[in-house]
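K.L.:
Test case, fold it:
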Amino acid sequence: MAKESFDKEIQFLRMLVLTSGAYSRQQFAKRLGISVHTFDKTIRRLKDIVSAMYQQLPQEQGKEFMEAIRFNYYESTDPMLLFLFRAKSLKDSESHRISLLLAALNEQSLTAMELMDMCCKSLPLDASLPDEKTIRSDLKYLESVGVIRKDSPTRPYRYRLENDLVQELTDEELYDLYDFVDVMANTQVPSVQGYLLRDGLKKHLQRRMPEEQAIEPFLYKYHYYSRILDEAHLFTLLDAIRGRRKLCFLYFSPKSDKSYASQNTNPLFERETEGKAEKTLPLKVVYDHQYGRWYLLAHGREGIRKYRMEGMTQIEDAETVPEAFFAKKTAELDQKMQYSWLIDTGAPVKVRARFYNPGRSEPNFIKERVLLQGQWGTIVSEDEESFVYEITVNGTTEIKPWLRSFGSSCEILEPHQFRREMIAEWKEIRSYYESV
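P.N.:
Sure, this is the predicted structure:
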């Protein structure tokens, strides 16, 4: 799949999940910035992907596209948005060819020429036959991702599957490994690679013990579907940070009326987009656990900029910057983020809040939560009824939702402007519940 197409389908699936089918075709297309015809083409493309991913299942167990995106509690152990990552990873011709290579290497170690002969014999008559350069490129790719390894130190190299781990483990050890990967994939970030590893282990267990039904020991309620979609860009950004490379992309802010725009390949039909073309140097990637969002912090012409990863499309590499320049900008960002609750780089301010303890007979869950989540803040005074918590943060915007979540158990003391803001917000909330 082309990079642009994948961007479009990411935005398409995100809106489909968030709106739960509340938009009509016309509304959906307008919000995305595409035509109704493109909307219909994308639906058909996604249906084809889902059908391809589940073609090995019996017909009664196959999943239609609209069913695949209806997340309920018991289906959440297998996040359906992963089918997009599987479909993106390889073209159809590459997928077929690499499947043949892996099947051959599963039985014995072979050279590149032997693998090319095997591929040419196994491919359909109407398919384009691979040359030696293509086969060697496939082998280099498989070796780089750890799927195969060289079985001989001298030329011609012989290759074999790198599957010693799963082959040497006992059945019980394999189940333990599967359970560990299952837990980590569902509780850690990033998680896409963990889900793909879990699926690979599940298929291996089913092939190894077809008579036994694998039991899912854990069930997870997955809340942030967009997080999985955003991970499509995560490793591209991390690779650019490691390589000190600038990136160019089209950015749609959360307040934008549209969230996608096709690339203008024909100047006769060029049209304005609501996205903003950006060229910037990535410095840090931050994940917000509270809202399930990924952020990119970067340096551009305007200094430090922050981008929501869900609004980044059409990402392309640009030039590399000197190591000294990159180190300087990273140090500047670290200094500005010294007191960031999340990613705020504003002026530091001291926040003082009084937390009221629950009843004496109850465990002090308020204090436990403050100590657990309060980052570098400290408790400066305490009595039987309450305790005072102090923290220096960059602005009050990011810490406000956390303090507000304590409800009547939290009272803002300083700064006074922040206290007045909270009073006004609670008065507004109170007005919603007044009798009509």
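
K.L.:
May I see the domains of the protein written out as residue ranges?
P.N.:
The chain breaks down into these domains under automatic domain parsing: 3-70, 92-162, 166-208, 225-261+274-335, 348-432.

K.L.:
Which one of those domains lies nearest to W341?
P.N.:
Closest approach to W341 among these (C-beta to C-beta): domain 348-432, 4.0 Å. Quick note: C-beta positions are derived from backbone N, CA and C, even for glycine.

K.L.:
where's the one residue sitting closest to the centre of the chain relative to P190, distance?
P.N.:
The residue lying closest to the centre of the chain (C-alpha atoms, centre = their mean) is E231, at 2.4 Å. Using C-beta to C-beta, to the nearest Å, E231 is found at 5 Å from P190.

K.L.:
Over to E411?
P.N.:
Between E411 and P190 the computed distance is 38 Å (C-beta to C-beta).

K.L.:
related to what we said a few turns ago, kindly state the pLDDT recorded for the residue nearest to the centre of the chain?
P.N.:
Taken from the predicted model, the pLDDT recorded for E231 is 86.

K.L.:
Quick one: residues contacting it.
P.N.:
Contact criterion C-beta atoms under 8 Å, 6 or more residues apart in numbering gives 190-192, 294 as the residues in contact with E231.

K.L.:
again, 7 Å this time
P.N.:
Contacts for E231 were tallied using C-beta atoms under 7 Å, 6 or more residues apart in numbering; they are 190, 192.

K.L.:
got it, and M422?
P.N.:
Neighbouring residues of M422 by C-beta under 7 Å, 6+ apart: I412.

K.L.:
Please, which helix or strand holds it?
P.N.:
According to DSSP states H and E, M422 maps onto helix 416-432.

K.L.:
same question, A103
P.N.:
Using DSSP H and E, A103 sits within helix 92-105.

K.L.:
And that helix, what's buried?
P.N.:
Neighbour-count burial for helix 92-105, counted by 16 or more other C-beta atoms under 10 Å, picks out 97-98, 100-101, 104-105.

K.L.:
The stretch 201-350 of the chain: strands as residue ranges?
P.N.:
For the stretch 201-350 of the chain, the strands identified by DSSP state E, counting those that start in this stretch occupy 245-251, 276-288, 293-300, 303-308, 312-320, 348-356, in order along the chain.

K.L.:
Redo the ones you listed as JSON lines? Include distance to I429 and mean pLDDT.
P.N.:
Putting the strands of the stretch 201-350 of the chain into JSON lines (distance: least, C-beta to C-beta, whole Å; pLDDT from 0 to 100) gives the following:
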{"stretch": "strand 245-251", "distance to I429": "34", "mean pLDDT": "93"}
{"stretch": "strand 276-288", "distance to I429": "23", "mean pLDDT": "93"}
{"stretch": "strand 293-300", "distance to I429": "24", "mean pLDDT": "93"}
{"stretch": "strand 303-308", "distance to I429": "27", "mean pLDDT": "92"}
{"stretch": "strand 312-320", "distance to I429": "34", "mean pLDDT": "90"}
{"stretch": "strand 348-356", "distance to I429": "18", "mean pLDDT": "96"}
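
K.L.:
Please identify which of those strands is closest to Y178.
P.N.:
Between Y178 and the strands of the stretch 201-350 of the chain, the shortest separation by C-beta to C-beta is 25.5 Å, and it involves strand 276-288.

K.L.:
Any idea what A353 is bridged to?
P.N.:
The partner list for A353 in beta bridges (DSSP bridges) reads Y389, I412.

K.L.:
What count of nearby residues applies to it?
P.N.:
Using other C-beta atoms under 10 Å, A353 has 23 neighbouring residues.

K.L.:
try the one 10 residues further on
P.N.:
A total of 9 residues lie near P363 under the criterion other C-beta under 10 Å.

K.L.:
ok so it is a strand residue?
P.N.:
No: using DSSP: H, G, I helix; E, B strand; the rest coil, the secondary structure at P363 is coil, not a strand.

K.L.:
what's it sitting at in phi/psi?
P.N.:
phi -60, psi 150 (degrees, to the nearest 10).

K.L.:
ok, now how distant is it from V388?
P.N.:
Taking C-beta to C-beta as the measure, P363 falls 20 Å from V388.

K.L.:
can you check E414 too?
P.N.:
10 Å.
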